[in-house]
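> Could you look at this predicted model? Sequence included:
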Amino acid sequence: VKKTNGGSEGLVTAAHCSGHYYYSGRDVLTYVASVPKSSGDIEYRKSTEAVGHEFYYGVGNYRDIDAPYGSATDDQSICFFGRTTGNHCDTVRNPTICVGDFCNLVEMHNHETDGGDSGGPWYVGSHPYGVHKGSHVSLFKRRAIWTPINNTLNNDLSLNIKLGSDG
């Protein structure tokens, strides 16, 4: 991502994850801000060096971002990559829910994620859709949940997705 005013570049991840972050093995990321819980579970970390215009879709595999973002709709198939569980796709059950203090979350039909997947990308092709939060139980079934980026990055953090042409 990059600031809308053309300033700093950085990465977004899940805000509930704490600790020290590295970019490609280098200590170059600094926490800047998180969206309010009413907007989801995303935080921005700026980088002291330029960042790419792609996201992980597999271990060591990147996909160029060729569109700013997509918006989740009922029964849409959306894919996910997590460092623990790898890559898989599922369908949207509810595109706008609240879980505890967090709102503006997307609920999937299934739960195929695990601890360590938080902050991973939800996407369709080369279009980023959101940032993984975790899971919750709905109608007696555990389901994955994530924060959409379509209405959070620019509104709450003044960020834009870096596209291939920006690099």
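Here it is on my side, so go on. Numbers count the residues shown, from 1 in each chain.

> State the helix or strand in which the residue nearest in space to the middle of the chain lies.
With distances taken as C-alpha atoms, centre = their mean, the residue of the chain nearest its centroid is residue 131 (1.7 Å). In the assignment (DSSP states H and E), residue 131 maps to strand 127-138.

> What are the buried residues along that strand?
127, 128, 129, 130, 131, 132, 133, 134, 135, 136, 138 (16 or more other C-beta atoms under 10 Å). Glycine gets a C-beta too; all of them are placed from N, C-alpha and C.

> looking just at contacts, which helices and strands does it meet?
strand 77-82, strand 86-99, strand 102-108, strand 121-124, strand 141-148 (3 or more C-beta pairs under 8 Å, 6 or more residues apart in numbering; DSSP states H and E).

> who wins for proximity to residue 47 among these?
strand 121-124 (17.2 Å; C-beta to C-beta).

> Who does the closest one pair with, and is each partner parallel or antiparallel?
strand 77-82 (antiparallel), strand 127-138 (antiparallel) (DSSP bridges).

> For residue 126, which non-adjacent residue is spatially closest?
Distance criterion C-beta to C-beta, 6 or more residues apart in numbering; nearest residue to residue 126, sequence neighbours excluded, is residue 66 at 4.4 Å.

> Check residue 113 too.
That would be residue 144: by C-beta to C-beta, 6+ apart, it lies 5.0 Å from residue 113.

> And for residue 89?
Distance criterion C-beta to C-beta, 6+ apart; nearest residue to residue 89, sequence neighbours excluded, is residue 79 at 4.2 Å.

> wait, the one you found sits on residue 124?
Yes. Contact criterion C-beta atoms under 8 Å: residue 79 and residue 124 qualify, at 6.7 Å.

> what's the neighbour count on residue 142?
13 (other C-beta atoms under 10 Å).
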